[in-house]
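> For reference, the sequence and a predicted model appear below.
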Amino acid sequence: MRIARFSLNDQPQYAFVQHDDTEDKDYLICLDGYPLGAKQVSPTGERHALDEEGIRLLSPVIPSKVFGLAKNYAAHASFMAQAGQASSPVPPEQMVIFSKPSTSVIGPDDPIVYPAFSHNMNFEPELAVVIGRIAKNVSEADAMSYVLGYTCVNDVTLRDLQGGDPMWTRAKGFDTSCPLGPWIETDVDYADARISFSLNGKDVPEASGTTANLIHSIPAQISFISSFSTLLPGDVIMTGTPNASMELKPGDEPVVHVEGIGSLRNVVVQG
């Protein structure tokens, strides 16, 4: 099941996304409420074609917080060292957690604003986990029962600021640094989700990978994060970028693709 958040004539609302095989077209089946809340939602009977005039997909959630994992793939840790952006090619044994504020979140086709105070912006395509109910001190065995679904994320990073800011506050948390979308998919093979990336219409195979190569699994991530921070419905965990992370420039069109979910497109503009 796919859950989308969209606006029609600037009015945000939620919908299920359904594909009409006869027309080979996607439709938004409007819902009468917030699907991450306590009350059950149901279709209103209204539907809109995804390409209808006035329809715009939004970030599928506005999380209270976003957590990310650094160097959660051996290939990415090795790439960072080879690029001179890390001192060691060996991934850390313990999870390295960072966060992004809700103000960093944008949706599909929204502009990523390249801030004037940076000169090295990088893309990081990832699978994101969306929490479906309150999670605190959950076990790895129970962790996946707290998940609503999954979406694509681009963990945009200001690499030139990262080294001088050990907390990565500006490097990871600047406005527009967390594109999410295009929707939440509830049925994904999270243990082997294949991630790919294209830039300006060209595939970047060095940035691709699969969650089968995660160092810390998704259940382990949820369990560990919930041990120190209560996860709320709609909160997001960025599970790590699988391999190369390279530069973005104004005018670029980055696209994150996760098999079973879809594609997240944005465009970079100069701030």
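It's in.

> What sits closest to residue 157 if chain neighbours are left out?
Sequence neighbours aside, residue 122 is the residue nearest to residue 157 in space, at 4.8 Å (criterion: C-beta to C-beta, 6 or more residues apart in numbering). The C-beta positions use only the backbone N, C-alpha and C, and glycine is treated the same way.

> Measure how buried the one you found is and give me the count.
Using other C-beta atoms under 10 Å, residue 122 has 21 other residues around it.

> so what's it bridging to?
Using DSSP bridges, the bridge partners assigned to residue 122 are residue 157, residue 247.

> Report the separation between it and residue 243.
Computed as C-beta to C-beta, to the nearest Å, the residue 122 to residue 243 distance reads 12 Å.

> swap in residue 164?
Taken as C-beta to C-beta, the span from residue 164 to residue 243 is 25 Å.

> More neighbours: which of the two?
Taking other C-beta under 10 Å, residue 164 and residue 243 do not tie; residue 243 has more neighbours (21 against 8).

> what's the more buried one in contact with, if anything?
Contact partners of residue 243, counting by C-beta atoms under 8 Å, 6 or more residues apart in numbering, are 73, 75, 76, 79, 206, 207, 208, 209.

> what helix or strand is the second one on?
So the one you mean is residue 75. Using DSSP states H and E, residue 75 sits within helix 74-82.

> quick one: the helices in the stretch 101-250 of the chain?
159-162, 169-173, 218-228 (DSSP state H, counting those that start in this stretch).

> Need those helices in a markdown table (columns: mean pLDDT, distance to residue 268 and mean neighbour count).
Shown next, in a markdown table, are the helices of the stretch 101-250 of the chain (pLDDT from 0 to 100; distance: least, C-beta to C-beta, whole Å; neighbours: other C-beta atoms under 10 Å):
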| stretch | mean pLDDT | distance to residue 268 | mean neighbour count |
| --- | --- | --- | --- |
| helix 159-162 | 94 | 14 | 18 |
| helix 169-173 | 96 | 16 | 20 |
| helix 218-228 | 98 | 28 | 19 |
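
> In the contacts of residue 243, which has the lowest confidence score?
Within the set of the contacts of residue 243, pLDDT is lowest for residue 79 (81).

> if we can go back for a sec, hmm, the residue nearest to residue 157 is touching residue 246, no?
Yes: look at residue 122 against residue 246 with C-beta atoms under 8 Å: they come within range, at 6.2 Å.

> From residue 266, how far off is the residue lying closest to residue 262 once chain neighbours are set aside?
Nearest in space to residue 262, with sequence neighbours left out and distances taken as C-beta to C-beta, 6+ apart, is residue 182 at 5.1 Å. To residue 266, residue 182 is 11 Å away according to C-beta to C-beta.

> Look at those two and report which has more neighbours.
Legend: neighbour count by other C-beta under 10 Å for residue 182 and residue 266, higher for residue 182 (27 against 24).

> Please report how far the more buried one lies from residue 206.
In terms of C-beta to C-beta, residue 182 sits 24 Å off from residue 206.

> What of residue 258?
17 Å.

> Between the two, point out the one with more neighbours.
It is residue 258, of residue 258 and residue 206, that has more neighbours when counted by other C-beta under 10 Å, with 23 against 14.
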